[in-house]
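# Kindly generate the corresponding structure for this input.
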Amino acid sequence: MDLINIKGNTFYIKGGTNTGIYLFEDYTAVMIDPGLSGVRPKRIMKILANNNINLKFIVNTHEHDDHYGSCNQFKLENKDIKILSSKYAKVYIDNPELFSKYIVGGRTNNFFNKGLKNESLDKLKVDDTLDEGKIILNREIFEVIEFKGHTPGSIGIMTKDKILFIGDLLVSKDMLNKYDFLFVFDIEEYLKSLKKIRNIGFEYIVLGHGKNIISKEDSEELIEMHEKAINKYLSQIRIELNEPMGLEQLLKNIIVKNNLSYNYKEFYFYKSSLMSAISYLCDLDEIQYILKDGELLYYIQKNQIMIK
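Residues are numbered from 1 along each chain as shown. From the prediction side, this is the model:
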């Protein structure tokens, strides 16, 4: 594990979740997305100590604990560290049980919590929130950019070196080829964010998950791949709903057709993403529903006359 320089004062540390470091002239630093709690944060602390770097701020790009989960470990080492996020992300970071409740749609159980429960999160609180626009940290300017869609509270942050940390707005090609049914809360907002990033004057982006940084030139292909992934599943849903179908059956068909691997937790992630797609198509007036024999069935609008 190394502190890798991208450009100027902007660095990152590779991992399951990539962690950004911006180094100020006084050798204090901003960290972006520290990742999960456990062994890795201790290794990061050692890297910082070996380079005489004093962590001053942690910016969380969104409200998923694989990005913010180790904040409390760093805070325990230095109580003066300021933990930052968007206003919406703060609600979930300060109340981590809300995430599993929203995914499941009610009180969760041990099957689900087994893979997610992290008691250290219960003690974590965001110190201050970030709005879109220019902000000043330690007398230097950063730009905060809203990238809603993956989650409602997703943001990116760009350093003066024109390095943009984007959280989970995009994933690497390798990951997308394996897992193209993207975990998206709001498809309309997500597609807007994909358009938005095209117009930002960054030199490189750092993905939340991926082995390499992405240049401005190479980002267009990756953005298009994400748009195609979203449209692929929207098209499949439209085809499946030529006949009235319940959500569970529709999810089964999507999983089987695309040979998606899943466990208990991932089943609910897929279900959440599918519901987001259904809501998006409802907003476009493409989908209607009927209640029949104890089921709620969705269908494409063109079949409305036939169903009646």
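# Spit out the contact partners of Tyr92.
Tyr92 sits next to 63, 98-99, 151, 153 when contact means C-beta atoms under 8 Å, 6 or more residues apart in numbering. Yep, even glycine has a C-beta here, placed from its N, CA and C like the rest.
# Looking at those residues, which is nearest Lys257?
The closest of the contacts of Tyr92 to Lys257 turns out to be Thr151 (C-beta to C-beta; 26.6 Å).
# tell me the mean pLDDT for stretch 239-247?
Averaging pLDDT along stretch 239-247 yields 97.
# quick one on the thing from earlier: which of the contacts of Tyr92 scores worst on pLDDT?
Ranking the contacts of Tyr92 by pLDDT puts Phe99 at the bottom, with 84.
# which residues are contacting the lengthiest helix in the chain?
The helix that spans the most residues within the chain, counting by DSSP state H, is helix 216-240. For helix 216-240, contacts defined as C-beta under 8 Å, 6+ apart pick out 170-173, 176, 180-182, 184, 187, 190-191, 194, 197-198, 202-205, 214, 250, 253-254, 257-258, 274, 277-278, 280-281, 286, 300.
# could you point out which element follows that helix?
Where DSSP states H and E defines the elements, the next helix or strand beyond helix 216-240 is helix 247-257.
# which other residues reach stretch 181-191?
Under the contact criterion C-beta under 8 Å, 6+ apart, stretch 181-191 has outside partners 148-152, 168, 171, 226-227, 229-230, 233-234, 254, 258, 260, 269-270, 272-273, 276-277, 279-280, 283.
# Now with 6 Å, please.
Outside stretch 181-191, the residues within contact range by C-beta atoms under 6 Å, 6 or more residues apart in numbering are 148-151, 229, 260, 269, 273, 276, 280.
# Kindly export that stretch (C-alpha atoms) in CSV.
Provided in CSV are the C-alpha atoms of stretch 181-191 (Å, rounded to 0.1, in the frame of the first residue of the first chain):
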residue,chain,number,x,y,z
PHE,A,181,-26.8,-3.9,-12.9
LEU,A,182,-25.8,-0.7,-11.1
PHE,A,183,-26.9,0.1,-7.6
VAL,A,184,-28.7,3.4,-8.3
PHE,A,185,-31.2,5.2,-6.0
ASP,A,186,-32.6,7.6,-8.6
ILE,A,187,-32.1,6.9,-12.3
GLU,A,188,-33.2,10.3,-13.5
GLU,A,189,-30.7,12.1,-11.2
TYR,A,190,-28.0,9.6,-12.1
LEU,A,191,-28.4,10.2,-15.8
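# Run the chain-centre distance for it.
Its chain's C-alpha centre and that of stretch 181-191 lie 10 Å apart, by C-alpha atoms, centre = their mean, to the nearest Å.
# tell me which residues of it are tucked away?
Of the residues in stretch 181-191, 181-187, 189-191 count as buried by neighbour count, 16 or more other C-beta atoms under 10 Å.
# re the thing from before, just the ones in helices from the contacts of Tyr92, please.
98-99.
# Would you mind checking the contacts of Tyr92 for buried ones?
Buried, going by 16+ other C-beta under 10 Å: 63, 99, 151, 153, out of these.
# Now render these as TSV, adding distance to Met1.
Putting the buried ones among the contacts of Tyr92 into TSV (distance: C-beta to C-beta, whole Å) gives the following:
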residue	distance to Met1
Glu63	25
Phe99	27
Thr151	27
Gly153	28
